[in-house]
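> Next one to model:
(2 chains)
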2 protein chains.
Amino acid sequence: MGRLVLLLLLAFLMPGLAIPVPPALKALSNLHLSTSFTSRPSVVMKYSIHYIEQKIDHFGFKNDKTFNQRYLIADQHWRKEGGSILFYTGNEGDIIWFCNNTGFMWDVAEELKAMLVFAEHRYYGQSLPFGADSFRDSRHLNFLTSEQALADFAELIKHLKRTIPGAENQPVIALGGSYGGMLAAWFRMKYPHIVVGALAASAPIWQFEDIVPCGVFMKIVTTDFKRSGPNCSESIQSSWDAINRLTRNGTGMDWLSEALHLCTPLKNAQDVQHLKDWISETWVNLAMVDYPYESNFLQPLPAWPIKVVCQYLKNPNLSDKKLLQNIFQALNVYYNYSGQARCLNMSETSTSSLGSLGWSYQACTEIVMPFCTNGIDDMFEPQPWDLKTFSDECFKQWGVKPRPSWITSMYGGKNISSHTNIIFSNGDLDPWSGGGVTKNITNTLVAIIIPEGAHHLDLRANSAFDPMTVLLARSLEVKYMKQWIRDFYASPRKKH
Amino acid sequence: MGRLVLLLLLAFLMPGLAIPVPPALKALSNLHLSTSFTSRPSVVMKYSIHYIEQKIDHFGFKNDKTFNQRYLIADQHWRKEGGSILFYTGNEGDIIWFCNNTGFMWDVAEELKAMLVFAEHRYYGQSLPFGADSFRDSRHLNFLTSEQALADFAELIKHLKRTIPGAENQPVIALGGSYGGMLAAWFRMKYPHIVVGALAASAPIWQFEDIVPCGVFMKIVTTDFKRSGPNCSESIQSSWDAINRLTRNGTGMDWLSEALHLCTPLKNAQDVQHLKDWISETWVNLAMVDYPYESNFLQPLPAWPIKVVCQYLKNPNLSDKKLLQNIFQALNVYYNYSGQARCLNMSETSTSSLGSLGWSYQACTEIVMPFCTNGIDDMFEPQPWDLKTFSDECFKQWGVKPRPSWITSMYGGKNISSHTNIIFSNGDLDPWSGGGVTKNITNTLVAIIIPEGAHHLDLRANSAFDPMTVLLARSLEVKYMKQWIRDFYASPRKKH
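Numbering: from 1, shown residues only, chains lettered A, B, ... in the order given. Down below sits the predicted model:
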């Protein structure tokens, strides 16, 4: 136990995403052109790349060193008169990737006369406080916390307002998805003097301690498979025992390695556990990206990929070998939709990319999210949440101990009703919605539900295949944002 | 320059207060009896002393060490049914001293059915993260910040709610004076899920950057002397040149040392500068504690001490020697009201007590308050605010550099209108009111002015000599607190 949990945590948003991290650039601004590889390939996203010098430690004065934080600006629709600033609170990955996958901001820029800013989260992408040494040990990782990241965002916005003529007296709105959505919400909670509101898409701010049941996440994954084809979740549920039975000996392992076209054959029980974790993670990822159109968020995938997967998983009562041959077909949808893969690589979703390293550390310190399965409410092998084991593994890997209650101390858990102007959007298909805010808390802390939505579908670019519910969600989000902007311009403003 | 500024910063609340700091006690609870040495000596304050294990670093995971934070509890008037918790957010000194000087909390405990909690600020009193080494260098001092202190308070309240039966579902109100008032306000801003409101007495949250003019503080000190006697401020204003003229040679220094009954005679120009700083600080302290009755906050003093002082300072046009003999009489009111002093000790208001050490570090890092004088709007020698010099002295003393804009980034400066339930009380006599909130911001961020009040007079125990305006202020404060308590009990509450 503990293994699945760690893998799941790694999978938060960017499993399998190997981000190359070039050495930190010193150039202060390069104009880049990039075509969106979302569902609207014809949209040209034009942004400039910038770097700001940030304190490595905002919360202590002994270390006065700085690092370069990367951020992107797109201002083609920005208006100095009555405009706004949409600020993406970057999460655990390369900011250009988030920029390319947040078409919503590009789609609403003109309507909101908005400058778009995408801020990279420290310790991800190119924003590495200690360059190549950033992940070396707990001393170098000590400044990787949500609080430091929010302080970076605050200082960046102050910098933009100071240096860009016309920006000073404009309202800033925080936007983010997933962990970035948590950051957007927390940013509004902690720095309401800096952002007038936040759109927190698919932000599981309650996936901590016992605020929600630890099983809710995998239960939603299971429901996604259950509704995507008859006997689909049952087939997956049967597959674990089939794997266990087949891999009792070397012959079985060899057969299974071949049947699943694994790049590296299974050798021992540890490999088999790794296989099961990797398969579980694949189902989780499919639940996250079960979008209504062909997309390439975590992998190139067909529209409604779980439906496609489930076409191979219609009979849970087949022989072990037949069942696992079908499991291969299902996995192949996720890993080989492009048809280019020659074998399936088990290290692909839990890559050792820098992004995953950073997230693994965060999951071992602040972002301690309990997950569990019981094999009854979900289609997985039962695994209780075991903080002790988890903590021991964290200490072994990083030399740090998780503080599971800290996030609640800091950000309030369920007691957040005194805050204002936060939209929490969640898709019912998204397993992360289980830890999200799915009911209005007050009339300015509102929940938007997208019944046919997977992980932050609303933040993606408009598509002809979008279900009506996400179009409605987006238009409601714009309505709230416009209201915040109007309120800002209607109120007297102070200089500091 | 820079010297006066440093001294003034040291003088924030506790100049001249040498706090003996015994080695950290391990006893978890000792019942203490203490008589208030405020204006109501007959009140017996009964509290128990406790310690909580706190993380030395809430904002990083490399250092997992802990220290014992001291706090006091007085629960004789606490009721589990419909009660409340009044939480003093300790500032830069021994918490028992604050407890003894915050009679207001004791006076309202019964009416609010309140448990009183007084939490010691880390690095003060007995709450030393590294024991005797706490002030050794910037590495040991690295965890002395307002953010860490607020996190201590948050964890302490969570601990109390977890461990004291009946406390869990009760509203907590933060109270504090001076820097403690700033902490109370900031605590409500950053942790509204933990405290339902805050009474921030004499809290100069705007005494930063250029939010208020740097001269406002000394201007108010001057006004206090101006209104306390004819020619009083003019006499002080004349005294500086008199000192300068007299101390041009050794004979003059000797004469002056004798005339002022200095314990250590003046030897050189540096001593003379020190003398002037010390005298300035004395006038500042008198302005802070210009209470309407005999008191012993910073020193034993008569009622309205500035009036007493000004009886000696009626003629600014006397000869230098005569004028300075009068200055001695005036200083003697502050330093020798008890009649016990055999000489005046220039190190007495800028003591090297641990409290002052900690505050000096805080003033050199986060709490960077610009002060200046021009000799026109105030009665002091002109000294501009000089950040460069200040910063250099900080680096020399502590090996750290001030970050003057950080507090505004963190706590919002003037842009705090989205917060709720904070009372900012200020006395017009108090020089710190210049950096305080003296006008309502919204109908839940309210200002209370006490025209005859010095430094947080409202937090002191009721006295027969209290001016009507402070009685009104206190009753208004109680009215708001009762409202917050009612609102809390009327609203549905969440567990986390």
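
> how about the closest residue to A:Leu429 other than its chain neighbours, secondary structure?
In this structure, A:Leu429 finds its nearest non-sequential neighbour in A:Ala454, 4.5 Å apart by Cβ to Cβ, 6 or more residues apart in numbering or on different chains. Just so you know, the C-beta spots here come from the backbone N, C-alpha and C atoms, and that holds for glycine as well. At A:Ala454, secondary structure determined by DSSP: H, G, I helix; E, B strand; the rest coil is coil.

> What distance do you get for A:Ala454 to A:Val289?
Distance, A:Ala454 to A:Val289, by Cβ to Cβ, to the nearest Å: 6 Å.

> Check A:Trp432 too.
12 Å.

> which of those two has more neighbours?
A direct count of neighbours by other Cβ atoms under 10 Å in any protein chain shown for A:Trp432 and A:Val289 places A:Trp432 higher, at 30 against 21.

> pLDDT value on A:Arg79, please?
Among the per-residue scores, A:Arg79 holds a pLDDT of 98.

> residue contacts, it?
Counting by Cβ atoms under 8 Å, 6 or more residues apart in numbering or on different chains, A:Arg79 touches A:Lys113.

> The top strand by length along chain A - what's its average pLDDT?
Ordering each strand of chain A by length in residues (DSSP state E) puts strand A:44-55 first. What strand A:44-55 shows for mean pLDDT is 95.

> Quick check: buried residues in it?
A:45, A:47, A:49-52, A:54-55 (16 or more other Cβ atoms under 10 Å in any protein chain shown).

> Going by distance to chain B, which of the residues you listed wins?
For those, the residue nearest chain B by Cβ to the nearest Cβ is A:Lys55; the value is 7.8 Å.

> give me the beta-bridge partners of that closest one?
A:Thr66 (DSSP bridges).

> Let me see the ranges of the strands in the stretch 301-450 of chain A.
For the stretch 301-450 of chain A, strands defined by DSSP state E, counting those that start in this stretch occupy the ranges A:422-427, A:445-450.

> so which of the ones you listed is the most packed in?
Sort the strands of the stretch 301-450 of chain A by mean neighbour count, taking mean count of other Cβ atoms under 10 Å in any protein chain shown, and strand A:422-427 sits at the top with a mean of 30.

> residues from the stretch 301-450 of chain A in reach of chain B?
Residues of the stretch 301-450 of chain A lying near chain B by Cβ under 8 Å from any Cβ of the partner chain: A:365-366, A:399-401, A:403, A:405-406, A:408-420.

> What separation is there between A:Tyr71 and A:Leu86?
Separation of A:Tyr71 from A:Leu86 (Cβ to Cβ): 13 Å.

> Mutual contacts of the two, please.
Common neighbours of A:Tyr71 and A:Leu86, counting by Cβ under 8 Å, 6+ apart, are A:Val117.

> Let's see which of the residues of the stretch 301-450 of chain A next to chain B end up in helices.
The members of these that map onto helices under DSSP state H are A:406, A:408-411.

> Buried ones among the residues of the stretch 301-450 of chain A next to chain B?
A:365-366, A:400, A:403, A:406, A:408-420.

> quick one: the helices in the stretch 301-450 of chain A?
Using DSSP state H, counting those that start in this stretch, the helices of the stretch 301-450 of chain A run over A:305-310, A:320-335, A:354-363, A:387-398, A:406-411.

> of all of the stretch 151-300 of chain A, which residue lies closest to chain B?
Closest point on the stretch 151-300 of chain A to chain B, by Cβ to the nearest Cβ, is A:His193, at 3.3 Å.

> List the buried residues of stretch A:370-379.
Of the residues in stretch A:370-379, A:370-373, A:378-379 count as buried by neighbour count, 16+ other Cβ under 10 Å.

> Can you report how many residues neighbour the closest residue to A:Pro292 other than its chain neighbours?
Spatial nearest neighbour of A:Pro292, excluding adjacent residues (Cβ to Cβ, 6+ apart): A:Phe465 at 4.8 Å. The number of residues packed near A:Phe465 is 13, by other Cβ under 10 Å.

> Any regions of the stretch 351-496 of chain A where pLDDT drops low?
Scanning the stretch 351-496 of chain A with the threshold set as pLDDT under 70 gives A:351-355, A:494-496.

> Backbone dihedrals for A:Ser228, both of them.
Note on A:Ser228: its backbone torsions stand at phi -100, psi 0 [degrees, to the nearest 10].

> Who are the contact partners of the closest residue in space to it that isn't next to it in sequence?
Excluding its sequence neighbours, the residue lying closest to A:Ser228 (Cβ to Cβ, 6+ apart) is A:Ile306, at 4.1 Å. Applying Cβ under 8 Å, 6+ apart to A:Ile306 gives the contacts A:224-225, A:228-229, A:232, A:286-287, A:290.

> Make a markdown table out of those and add secondary structure and neighbour count.
Output for the contacts of A:Ile306, formatted as a markdown table (DSSP: H, G, I helix; E, B strand; the rest coil; neighbours: other Cβ atoms under 10 Å in any protein chain shown):
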| residue | secondary structure | neighbour count |
| --- | --- | --- |
| A:Asp224 | helix | 24 |
| A:Phe225 | helix | 27 |
| A:Ser228 | coil | 22 |
| A:Gly229 | coil | 18 |
| A:Cys232 | helix | 25 |
| A:Leu286 | helix | 26 |
| A:Ala287 | helix | 25 |
| A:Asp290 | coil | 28 |
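
> Farthest pair within the residues you listed?
Spatial extent of the contacts of A:Ile306 (Cβ to Cβ) is set by the pair A:Gly229 and A:Ala287 at 13.7 Å.

> Just give me the longest helix of chain A.
Assignment by DSSP H gives helix A:468-490 as the longest helix of chain A.
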